[in-house]
Each structure stands twice: as structure tokens, then as C-alpha cells.
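Enquirer: Got a predicted structure plus its sequence, pasted below:
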Amino acid sequence: AQSVTQLGSHVSVSEGALVLLRCNYSSSVPPYLFWYVQYPNQGLQLLLKYTSAATLVKGINGFEADFKKSETSFHLTKPSAHMSDAAEYFCAVSVPTGNQFYFGTGTSLTVIP
Amino acid sequence: GAGVSQSPSNKVTEKGKDVELRCDPISGHTALYWYRQSLGQGLEFLIYFQGNSAPDKSGLPSDRFSAERTGGSVSTLTIQRTQQEDSAVYLCASSLTSSGGVGTQYFGPGTRLTVL
């Protein structure tokens, strides 16, 4: 079975500061990992995904995530937060042999001017 | 259309009534998913359609929930005898192929259901 844990339901950072959103997963087989962003009143949008290629994955809007198998983590980072980054972020896991995606409970990012 | 569309965007209903939620996936996408997003919760998988295969209904919370997909395109999620705990945002997503979980899902804006 697969599951995802997002540590911190709310994260606040100052504009220009580092963004770090944490995601740990559990999977009995090599996983595929995703980060989605949900802006207010909009649907979820894919930020980036890991599918067993390079462990450091670059996504849209300057975000990247580092797959660390030894730590079962897939934390999302961005060097410098922008006001437009304020949104809800979801980590998700799936596996090559399955149809389902398992989502975390989300982390709400607030950017303080 | 350019993306996944869902209707209605908001639905308020009385307890015990039936509701139908509609999803129009991206043209050509063979996989379609329904999720439920409750306040403070992650996305809860409900049902998955892939082409003409039998749907994966393992996430449906009760027999009051059902879904169909006509012609491999539009999908309707039906909730019968709604209860207050059914209040949530219902999200639909489609992908070009499930490809063993790799297929990127494109989400609609959701339908916010409120059961009074």
C-alpha cells in the first residue's frame, strides 16, 4: 500500500525567502511521486513529477523536488518565494502497477510581504 | 475544450435529495478520475475509468455513490439520498493514459457540494 504524509498543514515564509514543503511517502514498490499546486478557486495543477529518472526534479515556476529513497522523502523547494506562490500544495504517490494516486492532506503556503 | 470542465461549480441541496455532478474531460484522454476533497483533508479517491474497461470503484464510500462514463468521454457522479457528510468539493481529473500511474492528471475546478 502507498501513503503520503505532508508535515505542516500551514507554512508561512517571507517574500524572497526559501520555500520548503515536506513530503514523506510510504510504498512497498518504487514509487512515482508528484507535487500539485491548487490556487484559490482553481483546479490542481501539476508542478513536477518523479518517475525514476533523475532524482532532482525541476518543475514549473522555479520549484524543484529531491527524491531521497533513503529518507523516503520528496520535499519541494523554491529558493525565493514570490507572492504569487501562495496556494495549497499537495504531494501524491502512485506506483507503476496501479491506477490510483494517493494524495497528502496538503500544505497551505502563505507568503508574507 | 482546453481543459477539464465540471458542472455545476456550486451545488446546494437538502439532505435526502439526489445530486448529479458532471465532468467533461480533455478530448482524447482515456483515463478519468473522481476525487472528494473535504475541508482539511487530502484528496480521497472515489472512482477511476480507463477506456472501455470496468471502472475501479474501490474508493466509493457507500452504495449511495455511483458514476458512469458515457461514450468514453463525459462522466456523471451521482449521489443518492445525500447526507451532510457528503458536503465537499468533488474533483474530476483526466489523463491521456494511466500508463501504470505515470500519466499526468489534469484536474477540473471542482464542484462544491453543500448538503443542508
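Expert: Nice, I can see it.

Enquirer: contacts, neighbours, all on C-alpha from now
Expert: Will do.

Enquirer: Point to the residue nearest the middle of chain B.
Expert: Residue closest to the average C-alpha location in chain B (Cα atoms, centre = their mean): B:Trp34, at 3.0 Å.

Enquirer: What sits closest to it if chain neighbours are left out?
Expert: Leaving aside its sequence neighbours, B:Trp34 sits nearest to B:Cys92 (Cα to Cα, 6 or more residues apart in numbering or on different chains; 4.6 Å).

Enquirer: tell me which element the one you found falls in.
Expert: Element membership for B:Cys92 (DSSP states H and E) is strand B:88-95.

Enquirer: so how far is A:Thr107 from the residue nearest to the centre of chain B?
Expert: With distances taken as Cα to Cα, to the nearest Å, B:Trp34 is found 21 Å from A:Thr107.

Enquirer: and B:Gln41, that's in a helix?
Expert: No: assigned with DSSP: H, G, I helix; E, B strand; the rest coil, B:Gln41 falls outside any helix and is coil.

Enquirer: Verify the contact between it and A:Ser108 for me.
Expert: No: checked against Cα atoms under 8 Å, the pair B:Gln41 and A:Ser108 is beyond contact range at 11.9 Å.

Enquirer: More neighbours: those two, which one.
Expert: A:Ser108 (19 against 14; other Cα atoms under 10 Å in any protein chain shown).

Enquirer: one step back: could you point out the helix or strand that follows the strand holding B:Cys92?
Expert: Strand B:88-95 is succeeded, C-terminally, by strand B:106-107 (DSSP H and E).

Enquirer: Now stretch A:51-58: buried residues?
Expert: For stretch A:51-58, the neighbour count (16 or more other Cα atoms under 10 Å in any protein chain shown) marks A:Thr51, A:Val57, A:Lys58 as buried.

Enquirer: Output the residues you listed as a markdown table; include the columns pLDDT and distance to chain B.
Expert: A markdown table is the format used below for the buried residues of stretch A:51-58 (pLDDT from 0 to 100; distance: Cα to the nearest Cα, whole Å):
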| residue | pLDDT | distance to chain B |
| --- | --- | --- |
| A:Thr51 | 84 | 7 |
| A:Val57 | 92 | 15 |
| A:Lys58 | 94 | 15 |
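
Enquirer: Show only the entries of the residues you listed found in strands.
Expert: A:Val57, A:Lys58 (DSSP state E).

Enquirer: residue ranges for the strands of the chain, please.
Expert: In the absence of a named chain, chain A is used. A:3-5, A:10-14, A:19-21, A:24-26, A:32-38, A:44-50, A:56-58, A:64-68, A:73-78, A:87-94, A:102-103, A:107-112.

Enquirer: that answer is for a different chain, and I need it for chain B
Expert: B:5-7, B:10-13, B:19-24, B:31-37, B:43-50, B:65-69, B:75-79, B:88-95, B:106-107, B:111-115.

Enquirer: ok now do the closest residue to chain B within chain A, which residues does it touch?
Expert: Using Cα to the nearest Cα, A:Thr105 is the residue of chain A that sits closest to chain B, at 3.5 Å. By Cα atoms under 8 Å, 6 or more residues apart in numbering or on different chains, A:Thr105 lies in contact with A:Thr5, A:Gln6, A:Ser9, A:Phe90, B:Gly40, B:Gln41, B:Gly42, B:Leu43.

Enquirer: Tell me what the first one is bridged to.
Expert: What it means is A:Thr5. A:Asn24 (DSSP bridges).

Enquirer: wouldn't it be in contact with A:Thr107 here?
Expert: No: between A:Thr5 and A:Thr107 there is no contact under Cα under 8 Å: 10.3 Å.
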